[in-house]
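Chemist: I would like the atomic coordinates for the input below:
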Amino acid sequence: MADIFTDIRKQAGDTKKSVAWYRKKIRELGNKVSARRLINSGALARRPSNGKLNMFFYDPKLKNELPYYDRFPLVLPLQSAPGGFLGLNFHYLPIPLRVQLLEVIDKKGADSDYSALKRVRLIKPTIKHYLTNQLRSGFLRISEEDFLVASLLPVQDFRKASSARVWTDSRRIAS
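Modeler: Numbers count the residues shown, from 1 in each chain. Now for the predicted structure:
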């Protein structure tokens with residue numbers, strides 16, 4: 001399978017297009033976009049990369065206690081944390097808020113840490129602690145030029161709740 005990110009970038013002519021244009025191109029891909037295909041499309045890293053978005057399969061240790069969780073997070077790591085790392089999972093935000101958060105991060109720098117972002121309201125529902133021993137795949141690293149496309153892909157895999165419920169809760173938390 002061709003790399004989804006490269007394919008969309010080529011269609012854009014390596015120029016920035018509107019969010020609506022990217023969303024339309026992603027919809028045109030239809031069932032070609034899935035978590036499994038993304039993971040199988042690139043070389044996987046053993047550790048998450050700071051300053052880049054990372055996709056990976058995850059099985060939370062406390063999943064029975066959580067009201068819901070994402071099995072295929074899209075995470076910008078912030079810092080090390082006991083047993084793993086702290087990161088922002090963009091899937092917890094509806095697409096318009098993902099784009100807003102990307103704009104904030106673009107201004108502050110993709111390699112910002114928690115102290116640089118902690119006052120940004122949008123990050124509240126996205127901050128998650130990921131444990132290394134709960135990883136179920138390597139990390140697919142997303143380069144900065146593909147952040148927007150990655151954030152628009154419909155590959156979140158919420159368990160125990162619908163995306164709509166998660167996003168409603170996140171809007172409330174971020175306000």
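Chemist: was I right to think residue 73 contacts residue 56?
Modeler: Yes: taking contacts as C-beta atoms under 8 Å, residue 73 lies within contact range of residue 56: 6.7 Å. C-beta: built from backbone N, CA, C; applies to glycine.
Chemist: find the centremost residue of this structure, please.
Modeler: residue 74 (2.1 Å; C-alpha atoms, centre = their mean).
Chemist: from memory residue 175 sits against residue 121, does it?
Modeler: Yes: the pair residue 175 / residue 121 is scored as a contact, 7.2 Å apart, by C-beta under 8 Å.
Chemist: more neighbours, these two?
Modeler: Counted by other C-beta atoms under 10 Å, residue 175 and residue 121 do not tie: residue 121 has more neighbours, with 12 against 8.
Chemist: need the contact list for that one.
Modeler: With contact set as C-beta atoms under 8 Å, 6 or more residues apart in numbering, residue 121 has these partners: 174, 175.
Chemist: check the one 3 residues further on too.
Modeler: Counting by C-beta under 8 Å, 6+ apart, residue 124 touches 173, 174.
Chemist: low pLDDT regions in this structure?
Modeler: 1-2, 14 (pLDDT under 70).
Chemist: what lies in contact with the longest strand belonging to the chain?
Modeler: Ranked by residue count and defined by DSSP state E, the top strand of the chain is strand 74-81. The contact list for strand 74-81, computed with C-beta under 8 Å, 6+ apart, reads 48-50, 52-56, 85-91, 105, 110, 112-114, 117, 127-130, 142, 150-151, 153, 155-156.
Chemist: now, those that are in strands?
Modeler: 53-55, 85-89, 127-130, 142.
Chemist: determine which two of these are furthest apart.
Modeler: Within the ones in strands among the contacts of strand 74-81, 129 and 142 form the most distant pair, 20.7 Å apart (C-beta to C-beta).
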